[in-house]
Each structure stands twice: as C-alpha cells, then as structure tokens.
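Q: sequence plus the predicted model coming up.
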Amino acid sequence: MEAAKPVISSLVNNVITPRIQKFAEKVHIAYNELLIPRGEHFEEYFYRAFKKYSILNTLVFKNEQRLLKDLYIPLTLVKDDYQLKKNKERTKIDKYPVELIKNYSKILITDTAGMGKSTLTKRLFLDVIENGYGIPIYIEMRRLKKDRSILLEIQEQINSLTKEFDSKLLLEFIHTGGFIFFLDGYDEISLEDRIPVTTNLQDFISKAGNNVFILTSRPEQALSSFGDFQLFTIDPLTKKEAYELLRRYDNQGQTSRQLIEELKSGQYEMINEFLKNPLLVSLLFAAFDYKQTIPLKKHIFYRQVYDAYFDSHDLSKGDSYIHDKCSRLDIDDFERVLRFVGYRCLRFQKIEFEKDALLQIINEAKDFCLDLDFNTSDFFTDLLTAVPLFCRDGQYFRWVHKSLQEYFAAQFIYKDAKGNQDAILTALYNSENLDKYINLLDIYFDIDNWGFKKNILFPLCESYMEFYDQNIYSSSLINDKDIDDRIGYLFMREVCILKVRDSFDPFREVRERTQELMQNEISSMTHFHGDNICTSNYFNPRRKLLPLLRKRLPNLFVSYSPIIIPKNDVLPLDKVIKLDAHSGDDSSELFSYYNHYLGGGSHEYTFHFKYDTCKKEVVRISNVIKKKEESSALIEGL
C-alpha cells in the first residue's frame, strides 16, 4: 500500500487543496483555523479507505488477503431502458466511466444478491483516487441510522484526527461540487431506520446536487424515492468471464483447470445459471476446491463452503491440519447455533453489529440450543478465526456476505422452526418488506420445495386466478392475447398515465396529480417514458416474487406479445388516466398504446402467469395438501 501514497498525495495537492483554498477565500475563513477540513484530513482518509477497499473479502479465501484488482473481472452496466429490448446502452466498468458520468450524474445500480455491486463500486472508488477524477467518498449505508446522518458519517470518516472543523462548512464545501459519492448497500439499512435515513439522504442529495452520486442496492420498492436517478443493472457473466474469474482464484492453478474441464464436459448444463453470478462462481470454486465435486443446487454450494470453512484446510494442497475450535462444538452443532444466529440477524434485518449486540444474539442461540454446552465468547472467537463467517470492520462485526446469513436463516426455518415453518413462510409472503427476503426464498426453494410451493407459490397463483377471473372479457376489437397481457401488466399493480408539461420538479408534479387516484400513493414509483409521458405505479410487494418464480418454474409463465408503438400521440395533455383492464378497449391502437407504456419502467417483468398452467398447479398443490391431511388421520388412536 506504500505505492498508493504518492498517488494520494497527488490527488490531495492537485485537486483537493486548491479547492479548499478557493472555498476558504469565498467564505472568508483563514485556511489554518481548522473550521473547514484540510488536505491532511482527506489524505489520511484516502489512505485508510484505499487500504481497506483494495482488499477483497471473498468466501473463497477465508482470512487470506487478496487484492481486488487481481480478482476483479470488469462487469458491465446496462441502462434500464423500457424502449429498447435489445441494443441497450452498455458500459464495461474496467475504470471510472467518465463519459457515462457526463450523461448521468446520479446513478442507481440495482441487481440481485452476488452480482458484484459492492465490488464494482470499490473498483471505481480506487480508480478515482488513482486518476484524480474528483473527491471520492465511500459510504457503507448500513452505518446510517436515524441518529447518524450521512453528513455525520462523512465528517467522522474524514475527521479521524480532530473534530474541530465545522459540519455546516463541510456541507457548504461539498455544495461547491467535485465530490463523487459511492453510496453502497441501500438495502442494508435497517428497517427501523429506513424512513428517517432515506429522508436525510434525499435532503443531502438535494443540497449537494452539484456532485456525482452512485447508489447500489438489491431491488426494493423503497428505491422509488430516488426517481431522479438513472437505473442501471449488471449484465450476467458470460461463460468466458466466469472461467476467467475461476482462473484468477488460484492463479491459473490446478483446481480451476480441473473445475473448468468438468464444466465444459457438458454434464453440468443445469448449473449454467449459476455461472452468471460472481458470488455463485466463487462459491462453486470454494465448494469444488474442498470436495472435488460440483454441487447442483444453491444451498448445497453454501453447505460445502461451510464445511470447508469449518474444516479450515485446503484438500487440493494436501494440508490435513484442522484448526481447533474454541467452542469445542462439532460441525453439525456449530451449524445449529449458526442457523439461529442467521435467523435472528434476519429478523433484525442487519448484517453488521457491535460486539455486545452480536454476543447477545449468540447468547440467545445458546438458550435455544439447550443441549449444547459452549461458551458465548468462545463461539464469537470461532466466528472470526476458526470458522471465519464474520469479519471485523473497525468496531463492527459483520457477515462476510449477506447471502450466507440468508442461507443459515433458511435452514433454521426448515430444520429448527418445528411446526412453525408454514407460519413463518406465510409471514414472509405477507410482509410489506417481502423484497428483502427474495434471496432467502430462492435458497429455500431448493431446501424445502414443498414448503415453498404450499406457502408461497399456492397463494400467489390463487391471487392471480382470482384477479384474472375478475377482469377477463372478450372483445371484437382486441385480441385475447393482448387482453391477457393487460391483466398480467396490472396484476398486483396500480398505474396512472399522464402527459405533463415541462416542469421544474416533474416527480413532485406527477405524485401530486395522481395521489387522489392511487390508493398507495406513498409507495408510488414514477417513470418517464419520453415526450413528457409519465406513469405513476404502485407495485404490491408480492409482485417481486415473479422474477424468482420465472427463473425456477418457467413453464408457469408466458412472455408478453411484441407491441407496435402507435405513430400518433393519442394521450391528452394534463389528463390523468388510471388504467384498468378495459382502458382504451374501444380502439385497438389505443389499447396497444396503453399496453406499451404499461410494459415500460422495469427490466424485470417481460412475462406473466399462464392462466391454465397456473390453475393446474393450484389443483395439484391442493390435492397434495388434501392427501397429507388424510394421511395424518391414519395415526389417530395409536
């Protein structure tokens, strides 16, 4: 890291210090009065942050440190553009994307677990420092709370040596521009702090609008609050990229060669989907390195990785030494405790804790596993060393990856919740925060397929059938497939469409004009489609299950029909229209026009349930439930 010092000094001397001096003159404050941050504050912050983010925490290497640059495969950002199904704007992120930032100073990168959002932003952060593109500030958003504002977080990060400079002047300095804020992990903000943190964040962005903001998150309904951010997703890895990533894990070694040969043999086509996700590629390497077999399901990946962590040795190197565990628990008992810890952390919706809070959770796990005898502090030590599924970050301790927590929580629901599995899964299904549990449910699908279908798939299919039956009709002007598509578009969704005049604040204008028609206006999401045409949308949280189900059970779905956009503009200016199954059905052109804009605004939904197949699945599940109830009667009287 010594090589970084001249680079950081150059950034401070050539970019930051001149800006500070200019700002000091503007506000008439002597440079040496310590009322504003000085160059040395930034220099120390950059050195600490560069050192921290240059090291990649990955499941593959346990406690071994590896440089992010050595392992990073350039990921590709894809602009979310409803108008383009193909040839969408793509940007390969091998360095800070100067041209992209010129076009979009506020970027939202959203994608599913393990797609590399944090790794990508850390790569950009390092590149900004190395090339002096601006003043980069990296914020891990899980640290923000209702009593810990983003400005306070920035001040404390920069201000490690002294607390004498003024926070108001810091905000004024930020307002002058030139900063690049990386806001990583919006989905990791705790639920209890979500509303005040979001409000504070929006206020900060509005006051510091002359800067660049790059925000990352898993997909969440609450992201509608950032409607002025341009949405990007991450392209799945190609097989070539996945193989290159595998090779980097062992420097073109024997394990990666053997694994790639196996994958190319044609015997493992069923796991091609896993090769598209950087996290799952790393899990595949770790699992294969430990056991020399390729796991075919996601939860088996995690189990083999856990086994490798617990044994803490590398079979490919012939090292048979196994680290002693302070807790003296065997592999299965240790996992029992971890399952409780994972589930408890899930209920808190947190992956990072101060030491006392984490010790308290382990204590609760000890009370739950009454037959196990271990010391809480010893288990805590094992989590950081012998079985390093947690890592230390300053005064905080966090899971090495959120998906590990979700794996153990899913296993707890299946193995330890006893007769409460149905109740827990039903609670997840009905939760307003269902989008936070999508990855857990994806893992659970493999662990307990029947439980998933009974408690998640069954009620969703029933809801769709009921909605379909209430809205289906025949028309001499509109073909049946277009009507089916319209019902699919509107399932668990409210939509208003309008054409607005040029406005200083169009998002506010749209919300104000649609709120009387939208039952859920607080959660509405506004999309702009060009030519000042807007849709205001509310998505029921359960709609977030559709992409997961499409991936797992593709036979239940049908793709939307291609839509030819009407040439003439048929939408009247300033009139708000709430769309339903019949909107525009007096004209095939107008009906298609509405369907076109209903299909915009989200890259995730290009499909909807097939009614007949959905109905068959409901009947099939109902019959199994009935048989299980009948079989339970067989034991009565014994």
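A: Okay, I see it.

Q: which elements pack onto the helix or strand containing E589?
A: Using DSSP states H and E, E589 sits within helix 588-598. With contacts defined as 3 or more Cβ pairs under 8 Å, 6 or more residues apart in numbering; DSSP states H and E, helix 588-598 has these neighbours: helix 480-490, strand 493-499, strand 533-539. All C-beta spots, glycine's among them, are computed from the backbone N, C-alpha and C.

Q: got these as CSV, with distance to K22, mean pLDDT and mean neighbour count columns?
A: Shown next, in CSV, are those (distance: least, Cβ to Cβ, whole Å; pLDDT from 0 to 100; neighbours: other Cβ atoms under 10 Å):
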stretch, distance to K22, mean pLDDT, mean neighbour count
helix 480-490, 53, 95, 19
strand 493-499, 44, 86, 21
strand 533-539, 40, 82, 22
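
Q: neighbours of the residue nearest to K544 when sequence neighbours are not counted, how many?
A: Counting by Cβ to Cβ, 6 or more residues apart in numbering, the nearest residue to K544 once its immediate chain neighbours are dropped is D435, at 4.5 Å. When neighbours are defined as other Cβ atoms under 10 Å, D435 has 20 of them.

Q: am I right that D435 sits in a helix?
A: Yes. Membership of D435 in a helix is supported by DSSP: H, G, I helix; E, B strand; the rest coil.

Q: residue contacts, it?
A: 218-221, 541, 544 (Cβ atoms under 8 Å, 6 or more residues apart in numbering).

Q: and with 7 Å instead?
A: 219-221, 541, 544 (Cβ atoms under 7 Å, 6 or more residues apart in numbering).

Q: from those residues, which two are the most distant?
A: P219 and P541 (11.2 Å; Cβ to Cβ).

Q: state the distance from the residue nearest to K544 to G488.
A: Relative to G488, D435 is positioned 20 Å away (Cβ to Cβ, to the nearest Å).

Q: select the longest helix from the chain.
A: Across the chain, the longest stretch assigned as helix under DSSP state H is helix 611-632.

Q: how about that helix: buried residues?
A: 611, 614-615, 617-618, 621 (16 or more other Cβ atoms under 10 Å).

Q: mind showing which ranges of the stretch 351-500 of the chain have poor pLDDT?
A: Across the stretch 351-500 of the chain, nothing is flagged by pLDDT under 70.

Q: what about the contacts of D435, which are in helices?
A: Going by DSSP H, the helices hold none of the contacts of D435.

Q: turn the helices and strands packed on helix 588-598 into a markdown table, including distance to Y45.
A: Below are the helices and strands packed on helix 588-598 laid out as a markdown table (distance: least, Cβ to Cβ, whole Å):
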| stretch | distance to Y45 |
| --- | --- |
| helix 480-490 | 48 |
| strand 493-499 | 44 |
| strand 533-539 | 39 |
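
Q: which one of those lies closest to Q470?
A: Closest among the helices and strands packed on helix 588-598, once you apply Cβ to Cβ, is helix 480-490, at 9.1 Å.

Q: so what touches stretch 351-369?
A: 142, 188, 336-337, 340-341, 344-345, 374, 376, 379-380, 395-399, 402, 405.

Q: restrict it to CA atoms and write it as CSV.
A: Extracted C-alpha coordinates of stretch 351-369, given in CSV (Å, rounded to 0.1, in the frame of the first residue of the first chain):
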residue,chain,number,x,y,z
ILE,A,351,-25.7,-8.0,8.8
GLU,A,352,-23.4,-5.8,11.0
PHE,A,353,-23.3,-5.5,14.8
GLU,A,354,-21.3,-4.1,17.6
LYS,A,355,-19.6,-6.7,19.7
ASP,A,356,-22.1,-6.7,22.6
ALA,A,357,-25.1,-7.0,20.3
LEU,A,358,-23.6,-10.0,18.5
LEU,A,359,-22.7,-11.6,21.8
GLN,A,360,-26.3,-11.2,22.9
ILE,A,361,-27.5,-13.0,19.7
ILE,A,362,-25.1,-15.8,20.4
ASN,A,363,-26.4,-16.0,24.0
GLU,A,364,-30.0,-16.3,22.7
ALA,A,365,-28.8,-19.1,20.4
LYS,A,366,-27.3,-20.8,23.4
ASP,A,367,-30.6,-20.6,25.2
PHE,A,368,-32.4,-22.0,22.1
CYS,A,369,-30.0,-24.9,21.8
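
Q: list the buried residues for it?
A: 351-353, 358-359, 361-362, 365-366, 368-369.

Q: which parts of the stretch 1-150 of the chain are strands?
A: With DSSP state E, counting those that start in this stretch as the criterion, the stretch 1-150 of the chain has strands at 75-79, 90-93, 106-110, 135-140.

Q: can you put these in JSON lines and add mean neighbour count and distance to E512?
A: JSON lines is the format used below for the strands of the stretch 1-150 of the chain (neighbours: other Cβ atoms under 10 Å; distance: least, Cβ to Cβ, whole Å):
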{"stretch": "strand 75-79", "mean neighbour count": "20", "distance to E512": "28"}
{"stretch": "strand 90-93", "mean neighbour count": "15", "distance to E512": "35"}
{"stretch": "strand 106-110", "mean neighbour count": "22", "distance to E512": "22"}
{"stretch": "strand 135-140", "mean neighbour count": "22", "distance to E512": "31"}
